[in-house]
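Q: Quick one, structure for this:
(chains A and B)
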Amino acid sequence: MAKTRKEVASPTRKITTKPVISPAMLPMEAITEVHAADGVYLQRNDVMFTAMKHTQGEFSDFFRALRDEGKVFGHRCPECRHLIIPPFMRRCPSCNFVEMKKEYVKDTGIMAATPVITVFAPSRYKGQEPFGTGRVFLEAADGRLSDTAMLVRVRTTRGTIRPGIYKKGTSVKLAFCDHRQGEMLDVFAVPQSELTLKQLRKSPLLESEIKWGRLSEVEFGKPSVQLRKTLQEVIADFRKLAEMVPRSPRATANLANWHRTVAVRTGGGTFSFVVNEGKLHIQKDGAKSADLVVAIQDPSILLTWLRDSTQPVGDVKSPALTDMVIEGTLVLNKPELETITRLDRVPRSLRRDHVVISQSTEAN
Amino acid sequence: MRDVAIVGAGMTPCRSRWVEKTFWELAQMAVSEAVHDAGIHIQEVEAGVAGIYNDIFEFQAIPESGFQGIIGLQNKPLMRVTNGGATGAYAMLAAYNLVASGLHDLVLVLGVEKALDCYDYEAESNTPAVVQTIGYSWDPWFERPLGAHASESYAEVIQAYMDEHPGDLAPMARARIVELLCQQAQNNPYAQRLGEKVTADQVLHSRYVVYPVRVLETCVYTEGACALIFASTEMAKKIQERNGRDPIWLTGVGAANEPYFVGNDITRYKVLHRIYSDHVATKKALKMAGIGIEDVGVIELHDAFIPQFMITLAEMGVVPVGKANDLVEEGIIMPGGKLLVNPSGGLVFGGHFVGGSNMMSTWSAMREMRARGIEHGLVHGTGASLSMYGVAIVLERRA
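A: Numbering: from 1, shown residues only, chains lettered A, B, ... in the order given. All right, here's what the predicted structure looks like:
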């Protein structure tokens, strides 16, 4: 090992000035009061703060192979022949720490289990939802599978990730981001069934070489009279919801600090709404320059959600809007769930602020 | 090994946020309750173990250092244990060892946690910050950068189990367990969700947090503390003469942690569709106690997520793996069934102050054993990525 260490910038092609955490996560210095039943308590704005230059150590080789070669390798034990991916250790403990050997593997494999889909992410991963994560057994050169499975993001070329696309044993191919940094997010899985022969043969297959379809752009066909009528009811009830928001401090807070124009495409026609300054505005036409497009075949599903949200009801029957996205009923043109999660909080806020009177005990 | 008895227990109420209390005060409240419950003076206690899961929740590295002198124990040993979600059970295991080994005759074990001081200023909500804090438990090279976090991780196990056993962990069975636990929590005066009524129907209509797990199937974030006093046989006898109450005995302990990385060989890797740690830990504890799972009348298990609650009971041998719906459909854990599970409401309704949740479980199991004349109880803790840590402790009431 060289005695001197020199720190140089990583030769990545992606130029970024993005801070590691969003500046909006940093609080201003302040001490605030909480008025509780038995007195006044102080709380201090603070952070548990340690910035890092976090070494990737012996894993650097693996991440450099992802970044520079578009390849994955594992470690194989010369005695027991187990092949581990990622190469998370250099010696095999089962063979009393005999040194393992580097072995490149194919970019194809199978899912160890059905991947899961994150709807509500930790702070640092907000804005990436919904995302799927799952474990892949990769094929060695002889076609046999690795002994450990590697956690990766799983994606689909057909809109946002939802159940039914992947299951245990689904054949997948690893694809690589065009601009790679040397990290696990450089690589992701795609079902082999969604790729062409040419794409399957290409290695490494780059993200830009895949056609990312937009389910939100599908044609719904000519709207029937019934669907058109339902859409008008949806628009009317959406307006009712918008009128209730200013009367609820909680609902206003739900929509605060968020600006989005959202086009809603349905089988009965199109409308749009704007979230701005804690308020909701409905427009009869679909916005041409929408930040987000959501598509839903049957507007009556939205109508049920709106009726649950704006009328005094017993038990809420409609699934949450986020559930509609996860189940694939409501399709987004990009994986940005924030607008939907904010909207989903509004009905509960309306009930908590007694703008809508609930007839049943509200669950936590 | 010497026999070990629990001679006292003390709890604080479980709350989502104690803006009124720091973790020092919560710790002192629980210890004070426990020594008064045992009828001892804190100066009699020879050593302590403190279970605190996460430095970030406490906003202090070596958070236990402030306890010395506040909970007594000045110039005596205090050891901090941190083992993910199973911190409470592992802290009890450490305290058990201190007494069983003969090193000490009277030991305090305390579990305490804050959580909701964490705050996401961007989302203007605590939850994403709490989830992120727990998310720091994943390795920083391979899994955390992908956004791995607690619900995602347990959901992976649940989904893999459902791949192997289609139809098991049925939504209605899960929903009815939630309803049951909610009802049971109403008898726990310290429960976080006292006064709540959650129906199976509400569970089925609640939103997904991580597909396939719904929000009403998950444990809550809790702040609180619980303390227990462990004693040797001789010391337990003396204390019994003072307080006139039979102690509860710890007759079996077992623990096992699965490997971090996933593979097919269960002897070397984590097999995703199993919670093998629960299986091994329970088997060890029962063997040590010389009983079978059928001899157990009450189980207080660590229900981070309801589908995991069902898998854990199957891994323990209450039902065969793959037949967890029977817990509900055959009425095994339902009112009037042969097994009482989580009379405290568990971690979903009682509360989950991570460092001490398993001690709350112990407090509850002891209470039920005394009230209902149950001979054997079982306390369980799980934790870490993919539910890889497992601890089981057998309790015995000697008539």
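
Q: For my notes, confirm A:Thr32 occurs in a helix.
A: No: counting by DSSP: H, G, I helix; E, B strand; the rest coil, A:Thr32 is not part of a helix but strand.

Q: Enumerate every residue touching it.
A: The contact partners of A:Thr32, by Cβ atoms under 8 Å, 6 or more residues apart in numbering or on different chains, come to A:42-43, A:45. Yep, even glycine has a C-beta here, placed from its N, CA and C like the rest.

Q: if I look at A:Ala256, how far off is chain B?
A: Note on A:Ala256: its distance to chain B, by Cβ to the nearest Cβ, to the nearest Å, is 8 Å.

Q: so what's that residue closest to, chain neighbours aside?
A: A:Gly278 (4.3 Å; Cβ to Cβ, 6 or more residues apart in numbering or on different chains).

Q: Surely the one you found is in contact with A:Val245?
A: Yes: between A:Gly278 and A:Val245 a contact is recorded at 7.4 Å, counting by Cβ atoms under 8 Å.

Q: Tell me the confidence at A:Ser216?
A: We note a pLDDT of 59 for A:Ser216 in this prediction.

Q: So which bits of the stretch 1-150 of chain B are right by chain A?
A: B:19-20, B:56, B:59, B:117, B:119-124, B:127-129, B:131-132, B:134-135, B:140-143, B:145-149 (Cβ under 8 Å from any Cβ of the partner chain).

Q: returning to that earlier point: list just the nearest of the contacts of A:Thr32 to chain B.
A: A:Gln43 (6.8 Å; Cβ to the nearest Cβ).

Q: Confirm that closest one sits in a strand?
A: Yes: the assignment for A:Gln43 by three-state DSSP puts it in a strand.

Q: OK, contacts around it?
A: So A:Gln43 contacts A:31-34, B:19, B:117 (Cβ under 8 Å, 6+ apart).

Q: likewise B:Ala27?
A: B:50, B:67, B:70-71, B:110, B:112, B:225, B:227.

Q: one more time with 10 Å, if that's ok
A: Listed by Cβ atoms under 10 Å, 6 or more residues apart in numbering or on different chains, the contact set of B:Ala27 reads B:12, B:21, B:50, B:52, B:63-64, B:66-67, B:70-71, B:110-112, B:225, B:227, B:355-356.

Q: Just the buried ones from these, in PyMOL syntax?
A: In PyMOL, this line selects whichever of these come out buried by 16 or more other Cβ atoms under 10 Å in any protein chain shown:
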select buried, chain B and resi 12+21+50+52+63+64+67+71+110+111+112+225+227+355+356
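
Q: now, which of the contacts of B:Ala27 lie within strands?
A: In this view, the contacts of B:Ala27 that belong to strands under DSSP state E are B:50, B:110-112, B:225, B:227.

Q: In the stretch 51-200 of chain A, what residue spans correspond to strands?
A: Along the stretch 51-200 of chain A, the segments classed as strands by DSSP state E, counting those that start in this stretch run A:72-76, A:83-84, A:91-92, A:98-99, A:101-105, A:108-111, A:116-118, A:131-138, A:148-154, A:171-176, A:187-191.

Q: Using a markdown table, lay out the ones you listed together with mean neighbour count, mean pLDDT and distance to chain B.
A: Below are those laid out as a markdown table (neighbours: other Cβ atoms under 10 Å in any protein chain shown; pLDDT from 0 to 100; distance: least, Cβ to the nearest Cβ, whole Å):
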| stretch | mean neighbour count | mean pLDDT | distance to chain B |
| --- | --- | --- | --- |
| strand A:72-76 | 23 | 98 | 11 |
| strand A:83-84 | 24 | 98 | 7 |
| strand A:91-92 | 16 | 98 | 10 |
| strand A:98-99 | 12 | 98 | 14 |
| strand A:101-105 | 16 | 98 | 15 |
| strand A:108-111 | 21 | 98 | 9 |
| strand A:116-118 | 28 | 93 | 4 |
| strand A:131-138 | 25 | 97 | 5 |
| strand A:148-154 | 26 | 98 | 4 |
| strand A:171-176 | 23 | 98 | 13 |
| strand A:187-191 | 23 | 98 | 9 |
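
Q: which stretch among the ones you listed comes nearest B:Gln159?
A: strand A:116-118 (5.4 Å; Cβ to Cβ).

Q: Give the pairing partners of the closest one; include direction for each.
A: If you go by DSSP bridges, strand A:116-118 pairs up with strand A:131-138 (antiparallel), strand B:208-211 (antiparallel).

Q: ok so, going back, closest to B:Asp168 among the contacts of A:Gln43?
A: Relative to B:Asp168, the closest of the contacts of A:Gln43 is B:Asp117; by Cβ to Cβ it sits at 38.8 Å.
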